[in-house]
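Student: Let's see this in three dimensions:
(one chain, ligands or ions: 1)
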Amino acid sequence: MDRRSQHRVQWVYSSQTNSELSQRYDEWAEDYDKDLSDVFGWIAPNAASEYLAKYVEPEAIVLDAGAGTGLVGVALLKHGFNNLTAMDLSEGMLKEARNKNVYQKFDQMVLGEHLDYLTDTFDAVISVGVMTLGHAGPESLDELIRITKPRGYIVFTIRTDVYTQNGFKEKQEELELKNIWEKIEVSDRFRPMPSGEPDVFHCVWVYRVRD
Ligand SMILES: C[S@@+](CC[C@H](N)C(=O)[O-])C[C@H]1O[C@@H](n2cnc3c(N)ncnc32)[C@H](O)[C@@H]1O
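Tutor: Modelled structure (predicted):
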């Protein structure tokens, strides 16, 4: 195991503020794909994209929230999606995403804050590896729902420990109870980084926004 790569993952998890997190991702951006693919065996972009493709037509207008260097965009392109917006808090990560030539639009914004999109803008939202330690919290979901059209889909991965310990479980259940969205499917837990962090598990969650 490459210790420097392992260290970088712990380093971003331990960020105390969004500006620290953004700076750390800016610094990591150029090496991110190599570390995640070669060292960690990062499979979450493919896994989540399969779920989006199961429910959403490829012509859909899709937001990739926390797009990073664009690995989800690359995975979605294989399913024929070609109307993709990449949003992330790190300019450095978005710069790498631009080089992939799979997104039509790029926006630097912060999940958890107001998002500068009109209500009901997107047919679907996907977010992979962002609901994790030291990253976006459960309050981010309100804005993702606001900018998704009625009957649109929101697909995201969450670390299983973060789901139970950081308020996601309560938030997701509350949104269901209030009839704001409905749960369509949740995957079995899987190892998103089988070779780098074999003790970490994620699930993919699929919700549909209510009319
Ligand atoms: C582990 S990476 C995942 C990137 C990409 N989705 C993937 O699957 O490779 C997490 C990304 O989320 C972004 N991020 C973290 N917290 C965020 C927030 N509150 N708002 C927007 N982006 C955020 C980081 O800048 C980083 O690019």
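
Student: for the ligand, what are the nearby residues on the chain?
Tutor: Counting by Cβ under 6 Å from any ligand atom, the residues of the chain close to the ligand are 18, 21, 25, 44-45, 66-68, 71-72, 88-90, 93, 110-112, 128-130, 135-136. (Glycine included, C-beta is placed from N, CA and C.)

Student: Keep only those of these that are in strands.
Tutor: With DSSP state E as the criterion, strands contain Asp88, Val128, Gly129, Val130 from among those.

Student: Format those as a markdown table; extra columns: pLDDT and neighbour count.
Tutor: Converted to a markdown table, these look like this (pLDDT from 0 to 100; neighbours: other Cβ atoms under 10 Å):
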| residue | pLDDT | neighbour count |
| --- | --- | --- |
| Asp88 | 98 | 28 |
| Val128 | 98 | 28 |
| Gly129 | 96 | 22 |
| Val130 | 95 | 20 |
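
Student: Quick check: phi and psi on Pro194?
Tutor: Per-residue torsions, Pro194: phi -60, psi -30 (degrees, to the nearest 10).

Student: Now do the contacts for it.
Tutor: Gly41, Ile43 (Cβ atoms under 8 Å, 6 or more residues apart in numbering).

Student: run the last query once more with 10 Å
Tutor: Going by Cβ atoms under 10 Å, 6 or more residues apart in numbering, Pro194 touches Phe40, Gly41, Trp42, Ile43, Val200.

Student: Excluding chain neighbours, what is closest to the second one?
Tutor: The one in question is Gly41. The spatial neighbour of Gly41 that comes closest, neighbours along the chain excluded (Cβ to Cβ, 6 or more residues apart in numbering), is Ser195 at 4.0 Å.

Student: ok so the one you found is a strand residue?
Tutor: No: counting by DSSP: H, G, I helix; E, B strand; the rest coil, Ser195 is located in no strand; its state is coil.

Student: ok, now which ones touch it?
Tutor: Here Ser195 is in contact with Met1, Asp38, Val39, Phe40, Gly41, Trp42, Ile43 (Cβ under 10 Å, 6+ apart).

Student: my guess is the fifth one meets Met193, correct?
Tutor: Think Gly41. Yes: contact criterion Cβ atoms under 10 Å: Gly41 and Met193 qualify, at 6.1 Å.

Student: now the strands for the protein?
Tutor: Counting by DSSP E, the chain has strands at residues 62-65, 84-88, 105-108, 122-131, 148-159, 181-186, 202-209.

Student: Return the nearest residue of the chain with respect to the ligand.
Tutor: Closest to the ligand within the chain is Gly68: 2.5 Å, counting by Cβ to the nearest ligand atom.

Student: Closest one to Ile147 out of the contacts of Ser195, please.
Tutor: Trp42 (26.2 Å; Cβ to Cβ).

Student: which residue packs closest to the closest one, ignoring adjacent ones?
Tutor: Nearest in space to Trp42, with sequence neighbours left out and distances taken as Cβ to Cβ, 6+ apart, is Leu36 at 3.9 Å.
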